[in-house]
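# coords below, sequence missing:
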């Protein structure tokens with residue numbers, strides 16, 4: 001179902017974030033990173049990218065935020081000091097989640113995360129970052145058993161479309177969605193008011209039943225004009241500045257088809273049972289009532305007409 005898929009998507013993103021949270025601190029300890037070895041880091045990042053295709057990019061930055069090595073642009077001196085992942089990593093000296101960025105050429109969206117590289121006395125020597133490719137969400141939908149016409153949409157906190165399927169013309173990615181409209185028959189969002197922004201803990205947004213805290217469902221009409229049964233949930237950990245929302249929709253006709261088939265089957269069964277009961281009642285009435293009346297009428301004595 002759509003609800004199960006948004007939960008699976010949330011779980012998968014949680015796993016990717018945990019993987020990045022384990023990888024980046026290891027990279028930050030390497031001498032190539034702390035000494036800003038451009039060639040060495042480029043080889044390292046390129047090899048890691050081949051092993052972990054779910055990363056769109058790996059890179060290293062100097063303490064001032066300038067890029068010194070990247071898996072895609074090894075010699076680009078871009079200034080990344082204004083990126084959220086860098087600012088938070090420097091401020092907290094810990095794992096930081098940044099913004100989502102869309103490649104203007106490939107139209108692929110990625111979520112940036114970073115980690116600081118510090119020396120033995122705690123001085124900032126460099127920073128490493130990874131861009132998590134978010135297009136895996138498309139394959140999750142296309143490889144599923146959801147009916148034809150189902151859709152998946154990923155929005156960031158500005159309601160910019162990061163991932164959309166189907167999107168054959170490529171016109172939805174990067175498009176701003178209008179104000180949020182309440183879905184028909186949608187319950188209110190379930191929010192955990194006691195969840196602190198930090199530290200992150202998976203139990204804060206997963207219930208024992210698999211339900212995610214920010215989760216809802218209902219019927220609505222998509223940008224393509226198709227009416228669908230939608231399920232909506234947060235993608236990834238809560239409390240981050242850039243909350244991502246994933247929506248999976250199933251066409252209403254397809255979603256209701258199993259129930260309609262079951263209803264028709266039950267009505268046919270009920271009709272057959274009713275018809276059978278009527279036939280049985282007619283047969284029983286004919287055999288046990290009408291025949292007995294005829295038999296009794298034939299054996300009764302004839303009364304002669306008498307004048308009084």
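Done, it's in. Predicted model, so just to flag it, every value in this text is computed and none were measured.
# just the helices in the stretch 51-200 of the chain please.
84-92, 136-142 (DSSP state H, counting those that start in this stretch).
# and the last one, what does it pack against?
Contact analysis of helix 136-142 by 3 or more C-beta pairs under 8 Å, 6 or more residues apart in numbering; DSSP states H and E lists helix 2-28, strand 151-155, strand 161-165 as its packing neighbours. For every residue, glycine as well, the C-beta is placed using N, CA and C.
# pick the most buried one from the helices of the stretch 51-200 of the chain.
Neighbour counts (mean count of other C-beta atoms under 10 Å) averaged over each of these peak at helix 84-92, with a mean of 18.
# quick one: that one to helix 2-28, angle?
60 degrees (axes from the mean of the first three to the mean of the last three C-alpha atoms, to 10 degrees).
# for the protein, which element, helix or strand, carries the lowest mean pLDDT?
Least confident helix or strand of the chain, by mean pLDDT, DSSP states H and E, is helix 291-299 with a mean of 58.
# before we move on, back to that, now render the helices and strands packed on helix 136-142 as CSV, adding mean pLDDT and distance to residue 124.
Compiled in CSV, those are given as follows (pLDDT from 0 to 100; distance: least, C-beta to C-beta, whole Å):
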stretch, mean pLDDT, distance to residue 124
helix 2-28, 91, 10
strand 151-155, 92, 33
strand 161-165, 93, 30
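# any chance of the ones you listed in TSV, plus mean neighbour count and distance to residue 214?
Shown next, in TSV, are the helices and strands packed on helix 136-142 (neighbours: other C-beta atoms under 10 Å; distance: least, C-beta to C-beta, whole Å):
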stretch	mean neighbour count	distance to residue 214
helix 2-28	18	9
strand 151-155	23	13
strand 161-165	23	17
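# those into CSV, with extra columns for distance to residue 59?
Formatted as CSV, the helices and strands packed on helix 136-142 follow (distance: least, C-beta to C-beta, whole Å):
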stretch, distance to residue 59
helix 2-28, 10
strand 151-155, 23
strand 161-165, 20
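# what about these, which gets the closest to residue 125?
helix 2-28 (8.5 Å; C-beta to C-beta).
# helices and strands around the closest one, which ones?
strand 55-61, strand 109-118, strand 124-133, helix 136-142, strand 215-221, strand 227-235, strand 244-251.
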